[in-house]
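Chemist: Structure of the sequence below:
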Amino acid sequence: MAFKKKLEEKVLDVDAAMQGTLSFKDAVNLRINGKFEGNLDTRGNLTIGTTAVINADIIGDNIIIGGRVKGKITARERLTLLPQAVVEGHIYPAKLNIIEGAIFEGHCTMLHDFLNSEQLAKYLEVELNSITEWANSGKVPGNKEGNDWKFERKAIDNWVAAGKIGK
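Modeler: Predicted coordinates for the structure are as follows:
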């Protein structure tokens with residue numbers, strides 16, 4: 001007889017004005033309904049409510065936007081813009097869903113499952129020579145194909161989440 005331990009769902013509902021950096025290493029369900037300025041780095045689900053006003057760089061797994069957001073948004077799994085959303089900036093989603101009525105002003109670059117060295121340098125916001133050095137020394141997960149390196153984005157995300165970047 002097998003017993004399954006139910007994982008407690010972590011929910012954080014923020015309805016306040018905040019500034020700074022919020023970073024979550026564990027998966028959470030975060031909902032922001034107020035004002036936020038700074039940097040957000042989340043795992044799990046991030047929902048920006050219809051009353052929210054955000055000026056931040058956001059990195060997350062599954063991001064749903066219903067309010068106003070200005071900044072750089074990286075969605076490792078999916079980015080959804082609800083009908084009330086107003087988004088200004090650069091977005092980097094693995095998958096993108098824009099519902100009719102949403103407003104998006106900026107640039108969109110879809111995340112690919114595999115990255116070359118130049119794409120990885122841009123994705124991690126580091127110098128290309130650092131990527132080459134890490135790849136040649138085996139510090140970053142990747143495969144060499146001829147003279148070029150190929151990096152799986154999910155493996156890179158896990159590597160970064162484990163705190164191994166630059167080590």
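Chemist: residue ranges with poor pLDDT in the protein?
Modeler: Applying pLDDT under 70 to the chain picks out residues 1-14, 166-167.
Chemist: What segments of it are helices?
Modeler: Taking DSSP state H as the criterion, the chain carries its helices at 117-124, 128-136, 153-161.
Chemist: Out of those helices, which one sits most buried?
Modeler: Compared across the helices of the chain, helix 117-124 shows the largest average neighbour count, a mean of 18 (mean count of other Cβ atoms under 10 Å). (Glycine included, C-beta is placed from N, CA and C.)
Chemist: got the angle between that helix and helix 153-161?
Modeler: For helix 117-124 against helix 153-161, the angle by axes from the mean of the first three to the mean of the last three Cα atoms, to 10 degrees is 50 degrees.
Chemist: Which other helices and strands does helix 117-124 contact?
Modeler: If you count contacts as 3 or more Cβ pairs under 8 Å, 6 or more residues apart in numbering; DSSP states H and E, helix 117-124 packs onto helix 128-136, strand 148-152, helix 153-161.
Chemist: Just checking: what are the partner strands of the second one?
Modeler: Right, strand 148-152. Within its sheet, strand 148-152 is paired with strand 114-115 (antiparallel), strand 143-145 (antiparallel), according to DSSP bridges.
Chemist: got the angle between that strand and helix 128-136?
Modeler: Using the same axes, to 10 degrees: strand 148-152 against helix 128-136 is 80 degrees.
Chemist: since we're on the residue nearest to Asp57 when sequence neighbours are not counted, how many residues are nearby?
Modeler: Once flanking residues are discounted, Asp57 sits nearest to Lys72: 4.5 Å by Cβ to Cβ, 6 or more residues apart in numbering. Lys72 has 16 neighbours, counted by other Cβ atoms under 10 Å.
Chemist: Test my guess that Lys72 contacts Ile58.
Modeler: Yes: using Cβ atoms under 8 Å, Lys72 is in contact with Ile58, at 7.3 Å.
Chemist: so what secondary structure elements neighbour the biggest strand by length in the chain?
Modeler: With secondary structure taken from DSSP state E, the chain has its longest strand at strand 17-32. With contacts taken as 3+ Cβ pairs under 8 Å, 6+ apart, strand 17-32 sits against strand 11-14, strand 35-48.
Chemist: Which stretch among the ones you listed is buried most, on average?
Modeler: Buried most deeply of those, by mean count of other Cβ under 10 Å, is strand 35-48, with a mean of 20.
Chemist: Need the helices of the chain in a markdown table (columns: distance to Ala16).
Modeler: Listed next are the helices of the chain as a markdown table, based on distance: least, Cβ to Cβ, whole Å:
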| stretch | distance to Ala16 |
| --- | --- |
| helix 117-124 | 31 |
| helix 128-136 | 38 |
| helix 153-161 | 27 |
